[in-house]
Structures are given as C-alpha cells and as structure tokens.
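Participant: Can you look at this prediction? I've put the sequence above it.
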Amino acid sequence: MPENNSKKPTLTDEQIGALQDPLGIVATYLNARGVLSLAKTCKSIWCETKPEMDKKFAALKELMQLVAYGQEDISFAILDFNKDQFELFQELVAKNQLKDELKQKIQSLSIEKETYKYKGFNSEECKVLKQFLEENKEQDLAKKLLIDNVKSLLDEDSSFLQIKLPKDKKYEVKDFSRRKYSGLTPFQLALCNGDVEMCEMMKPYFAKLENGQAEMQEQYNEIFPKGMDLLVKEQKKAAEQSPLLDNLAKALTAANNTDKGKQELQDVIDLKGASFTQTEEAREKKFDQLTLVEVFNRFREESTKLFQDEHKNNHVFNPYHLLKAYKIYEQNYDNWTIEQCQAFWCQAVGYFQRFVPSCYAQAFAQGIYYIVENDEKLNRSFKFKHADNSSFCPINFVSCSGLGFNYAADAWGPQRLSFWTIGTAQLFQKLCQTKTRSLENYAKSHAEKPSSPACNFSTYI
C-alpha cells in the first residue's frame, strides 16, 4: 500500500544531495509518490556511483579553486612523497643552501600526514625546487614534483568543462576576497570574474568535446541571459544609484570646514578607531550625527554588504563601483586637501579594490597602464611590479591595515596618494571596455540551442 503523500514530503540531506544527479531526482520523486521498490532501486544505483562522483567533484573543486585564483598556466608545485622519501627530503633541505625564505616555507607548510604531501609553492619557487630535486635525482625525488594548474588539469580531462560544481558547502570554492562560488562550470566562473585570458585558454578544450561549441555558448547564455549590453547597463545603473561613495565624499568635504572635522580627518588617516564594522552605538545614529571615523566604519560595513549581496544575487563582478570611486577621487582632487585625498584614496578606492576578482588584482599588480597602453599579456602574478616584496594579496581581514587602509593601487602600482588621477580612471575604464568586448565574442543567438547543456557527473559514469 503506497504511503500517504498528501503532504509535501520533507527531503533529507541525502535526497537534497541526490538532486545533483538524474537518478537521485527519480528516486526522490518515486519515494514521494510512494513507489518505494523503484525508489530503492534508483537509490541503490545512486549509492554505487556516489563515491566515483565525489572523487570527480573533488578534482573539479581543485580546478575551480585555481580558476578563482586566476592560475591559468602558472605552475603550483605539489611534492608527493612516501615516508622514506619525505625523511630524505627533510634531511636534504636541512643540509642544502636553499634560500632562507623557501626553507622556512618548506618547514612551515602543513603536511598531509597520510600522504606526505607539500602543497602551495608558486611558480618561482617551483623553478628552485625543480633544480634542487634534479640535483638529487639519484634519490628518486625529481619526479615527485607535480605541476598543478588549470591547463594541466584540462589536458588530463577536458570533460571538466561540462560539469557544474554542486551547490553544496562541501564543494564551495573561495577566492582571495572570500567570495564563494558553487553551481558553476569552470568556464562560467571565468566569465563571472571577467577573466578573458582564462576564457581564451579554455576555448580550445571545448573543441575536443562533442558539441563543444554549442556547450560553450549555452554556458555563456546561462551567465548572460539578457546579453552583455543590458548587463553592463544594469551594472552602471547600480553603481550610479549606490549612495555609499557620494555620502563619503560629502562627509570628507565637510570635514575641512571645522577644527573638529580636521582632527577627525587626521584620526581617519591614522586609523584611530578604524573597524570593518560599526559599533552598535553608531548604528543607531543618523548619518549627519556620525563622527568621520564612524562614517568610514559605516562605509566599510555597508560596502562589504553591497559586494556580498551582489555576489549572492549574481556571481558576475560589477567593476563600475570601483570606476565610480576613481572618478569621484578625480573630480575632487583639485579641491580637496592632501589629507582628504589620502583618506578617500586609501580607504574608499583601496577598500573597493579588496573585492575585485583575481584577474583584476593581477592587472593592478602588473600595472593596468602596461596592459592597456603597451598591450602586455597578463602575467598572472599578485606581486606588485614596482614595489619590492609587496603583493596585492593575501588581503588582511583581521586588522585594519594594508590594501584599503594604508594604500590603493593606481595604474602603475600601490600608492598612499595618487597624483595620476585622470590617467587611472581612464585606463581602468578602457580595461573594463576591453573585457566587455572580448566577452561579447562568446555571444551567439539564443535561438541556436545546443543539443546538451552543462551537465552533472552522471553523464560520465
């Protein structure tokens, strides 16, 4: 006798996870309708395939993490040892004259105890390690250096481009700005971030797939269902209508009119009372009742919420908030004091830069002037080209320091105060326009529907 299904069934966590797979959908539906024997059959098949599916998704998550960090074809090393090789490597490191920085990193990196793996070496460290291991290849260590980047993973399995990361915390990917991604394919993640170079790198791999061109265009249409032009108009409108930068600029302008205001401005520059969030007392105040320090704290709290909300509603990054910040700085530069300029530059322009995707951060580190005016290829590094031992990330989320507090990036590199006001705004606008035009090349008439959309793991098992 079928169970009573008059009430809407409550799904278990397992059933919710099963919705990622057609068999899971069938089993959930049949169970809800009371057809238990068929539901159990579907569930049995699902349980048999789930471990293989988890393995595939784990590999996809690793690839997506690299996409989020903009690691197109820059090598990230993994040292993979057995216990004896691990002990030998430790001994060689202790004896060898490696750079102190690299030696300290090796000693400080967390090790996967079961597998003796070191992870997280950047491209320059890879070169040093490769040479070091080749010098000791008689100990069979050279081949233990594994190269981990998007290109190498797609060379191994281009079908990753057809699979969406499940909307599940287990498979969430975070970028350096702490944005979370799920429910996307690798290509769609690159589209959302405006990572043109990553999209171009992936394009030839679609050609290896059956109906690959149609697949690519379907994924594009899912991200930009209304087309790129309308999205850009909506993004510009959202930036224009947001009052955050306008209110901050007005408060800064007014601060120079009184001695009290000037002292508060100095407190802002000295980061006295600076915080990522408001106090409860300040939250109860109207805007015109806030001290300038409280104005900046409110700006940071509300700006963070703005970018987080936009990301939740639509993963596509909106660069026009940052462009507006550059333009407001430019418009007020001649009338503001150095102190007012410094406060807005570091703590408004810089704070908005904390939320840019990796490809934008890498462009700022390289200098957008060289990319826009000199046609330099994005070199995929977070290290500032003209600032020794300084890097765009990691971003400090613990203390009020670094990017967004002590400096911002102009068209050439990190600055406490930018005198190149007009140049930076115009160059950043050109960079945005170039990205938009490049992404538009992937557009195609929505009438031309592909035979199969981006799918889940069950297609490959």
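Facilitator: Sure thing, it's come through. Residues are numbered from 1 along each chain as shown.
Participant: Buried ones in stretch 170-180, by neighbour count?
Facilitator: In terms of neighbour count (16 or more other CB atoms under 10 Å), stretch 170-180 has its buried residues at 171-173, 175-177, 179. Placement of C-beta: from N, CA and C, glycine included.
Participant: could I get the residues you listed as a markdown table with secondary structure and pLDDT?
Facilitator: What follows is the buried residues of stretch 170-180, written out as a markdown table (DSSP: H, G, I helix; E, B strand; the rest coil; pLDDT from 0 to 100):
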| residue | secondary structure | pLDDT |
| --- | --- | --- |
| 171 | helix | 83 |
| 172 | coil | 87 |
| 173 | strand | 88 |
| 175 | coil | 86 |
| 176 | coil | 81 |
| 177 | coil | 85 |
| 179 | coil | 88 |
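Participant: And the residues you listed, which is closest to residue 94?
Facilitator: residue 176 (32.1 Å; CB to CB).
Participant: which residues does that closest one contact?
Facilitator: Contacts here follow CB atoms under 8 Å, 6 or more residues apart in numbering; on that basis residue 176 touches 69, 358, 361, 382, 393-395.
Participant: out of those residues, which are buried?
Facilitator: Of the contacts of residue 176, these count as buried by 16+ other CB under 10 Å: 69, 358, 361, 382, 393, 395.
Participant: Chain neighbours aside, what residue packs nearest to the residue nearest to the spatial centre of the chain?
Facilitator: Central residue of the chain (CA atoms, centre = their mean): residue 175, 3.4 Å from the mean position. Of all residues beyond its chain neighbours, the one nearest residue 175 is residue 68 (4.1 Å), with distances taken as CB to CB, 6 or more residues apart in numbering.
Participant: Would you state the strands of the stretch 351-461 of the chain in chain order?
Facilitator: 408-409, 414-415 (DSSP state E, counting those that start in this stretch).
Participant: Residue 250 is in what secondary structure piece?
Facilitator: Of the helices and strands defined by DSSP states H and E, residue 250 is found in helix 244-255.
Participant: and the next element down the chain from that helix?
Facilitator: helix 259-269.
Participant: following that next one, which helix or strand shows up next?
Facilitator: helix 280-283.
Participant: contact partners of whichever helix or strand comes after that next one?
Facilitator: Following helix 280-283 in sequence order, the next helix or strand is helix 292-313 (DSSP H and E). For helix 292-313, contacts defined as CB under 8 Å, 6+ apart pick out 179-180, 238, 242, 244, 247-248, 251-252, 255, 261, 264-265, 267-268, 272-279, 282-283, 285, 287, 290, 317-318, 321, 343, 347-348, 351-352, 355.
Participant: What subset of the residues you listed is buried?
Facilitator: Neighbour-count burial within these applies to 179, 242, 244, 247-248, 251-252, 255, 261, 264-265, 267-268, 273-275, 278, 282, 290, 317-318, 321, 343, 347-348, 351-352, 355; the criterion is 16+ other CB under 10 Å.
Participant: that older thread, which one of the strands of the stretch 351-461 of the chain has the most crowded surroundings?
Facilitator: strand 408-409 (a mean of 28; mean count of other CB atoms under 10 Å).
Participant: who does that strand pair up with?
Facilitator: Paired neighbours of strand 408-409 in the sheet (DSSP bridges): strand 414-415 (antiparallel).
Participant: Report the rounded mean pLDDT for the partner strand.
Facilitator: Average pLDDT, strand 414-415: 86.
Participant: roughly how far out does that strand sit from the chain middle?
Facilitator: Computed by CA atoms, centre = their mean, to the nearest Å, the chain-centroid distance of strand 414-415 equals 22 Å.
Participant: just checking, residue 390 touches residue 383?
Facilitator: Yes - between residue 390 and residue 383 there is a contact under CB atoms under 8 Å: 7.2 Å.
Participant: still on that earlier bit, state the number of residues packed around the residue nearest to residue 175.
Facilitator: Neighbourhood size, residue 68 [other CB atoms under 10 Å]: 24.
Participant: just residue 417 next, same as before
Facilitator: Neighbourhood size, residue 417 [other CB under 10 Å]: 15.
Participant: ok, so of the buried ones among the contacts of residue 176, who is nearest residue 209?
Facilitator: Set against residue 209, the nearest of the buried ones among the contacts of residue 176 by CB to CB is residue 69 (24.5 Å).
Participant: And the closest one, what's its pLDDT?
Facilitator: For residue 69, pLDDT reads 82.
Participant: Verify the stated contact: it with residue 358.
Facilitator: Yes - using CB under 8 Å, residue 69 is in contact with residue 358, at 5.3 Å.
Participant: which residues do those two both contact?
Facilitator: Here residue 69 and residue 358 have 175-176 as joint contacts, going by CB under 8 Å, 6+ apart.
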